[in-house]
Structures are given as C-alpha cells and as structure tokens.
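K.L.:
sequence and predicted structure are below.
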Amino acid sequence: MNKILSYLVRGIMITSVCLSVQAVAADAKPVSAEGQISIDIPVTLKAANVVFNMDHIALNGDLPIGMKYMELLNKKMKADKTSGKIIGIFHGPAAYMTLNDQAYNANRKVTTGNPYKGLVEGLIASGVQIEECAVSMKGNNWTNKDLLPGVKVNTGAIGRLIELTQEGYVQIQP
C-alpha cells in the first residue's frame, strides 16, 4: 500500500511541476541573446479538453493551486486561440470551495464568507465550467441553493471524471 501511495504522490508532484513549467512558458517573452530562458520545444496546442479533478486541498499560501492552474491554462488557451474546454470538478475534501458565503460560513464554522468566491466567479465568467459533486453535496446536507451562482451539479464526480476521460479529456490532478 505504501508503494502505491508513493507512486500516487510522485505522479501528483510531476503533474504539478509540468503545470508550473507550462505556466512559466505561457508568460515567457521572446528571449534576447543575454536572456535567461531559451525555449527549445515551444508548446502551442491546437485543441485541448481538460478536466481538473479538484478532490483535495492544495494551496500555495492561501491560493488554491488547482484554481490558479485553471486560470493560467484558460488565459494561455485564449492567447493561443486553442479550441476546447476546461472543466473543474469539485468533490470530497475540496467540495466546500464552491459554496456561497452563508453555506461556507456554516460548513467551515467561520463568519468570513467564502474566500474562494471571487476565484470561482472569475473562472466561470471566463468560460471555465465549474461542477460540484451531488454525492459530496448529499454527504454534507447541501442543496443547489448553497452553491455559488453558475456552479453546475453533476451526478457524481467519479463517474463524471470517467465520462470525460472516455470523451478524450485530459485529467489534471493538482
């Protein structure tokens, strides 16, 4: 079991490094002779359908890494005129990130409101589809009224991830 966990952790770390490199490349400017970065293999995607499996909390300070990667990839795809779609599926321990302020406060036992609300709303406004898992909702006694506007509800995250993978979506596990 420890060996399987070790492989899983390594896979997540490799995915994170690859996404970080992609994010740097997305912002890289043409390099002068004295420049710091020389791109040997430029990556410009013609089409990409990507699903982010948001099943756990991964933060850089207070910033959710998965949501930041969704934002960076979305900007890169628009800049490169890449066709396709980005979907973020929230479930399990990360399911609460799509809650409205009132439900967030009740769930997290705080009075601050949902600090991720602006990120989720910005992603939706920019064309990223954000989904919440109905199984996670049932387990937490949430209803559709508890979600931020624009968040869609799927039957179950695991089935949805399988469905999208079978449709050719690439799964990112930040």
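P.N.:
That came in fine, so what should we check first? Residues are numbered from 1 along each chain as shown.

K.L.:
sketch out the low-pLDDT regions of this protein for me.
P.N.:
Across the chain, residues meeting the criterion (pLDDT under 70) sit at 1-34.

K.L.:
where do the strands of it begin and end?
P.N.:
Under the criterion DSSP state E, the chain contains strands at 47-54, 59-60, 63-64, 83-90, 129-133, 152-154, 170-172.

K.L.:
any idea how far Asp55 is from Pro64?
P.N.:
Distance, Pro64 to Asp55, by C-beta to C-beta, to the nearest Å: 12 Å. In this view, the C-beta of every residue, glycine as well, is placed from N, C-alpha and C.

K.L.:
my read: Ala95 touches Glu132, true?
P.N.:
Yes: using C-beta atoms under 8 Å, Ala95 is in contact with Glu132, at 6.4 Å.

K.L.:
the more surrounded of those two?
P.N.:
Between Ala95 and Glu132, counted using other C-beta atoms under 10 Å, Glu132 has the larger neighbour count: 27 against 22.

K.L.:
mind checking how far the residue lying closest to the more buried one once chain neighbours are set aside is from Thr82?
P.N.:
Spatial nearest neighbour of Glu132, excluding adjacent residues (C-beta to C-beta, 6 or more residues apart in numbering): Thr98 at 4.9 Å. Per C-beta to C-beta, Thr98 is found 25 Å from Thr82.
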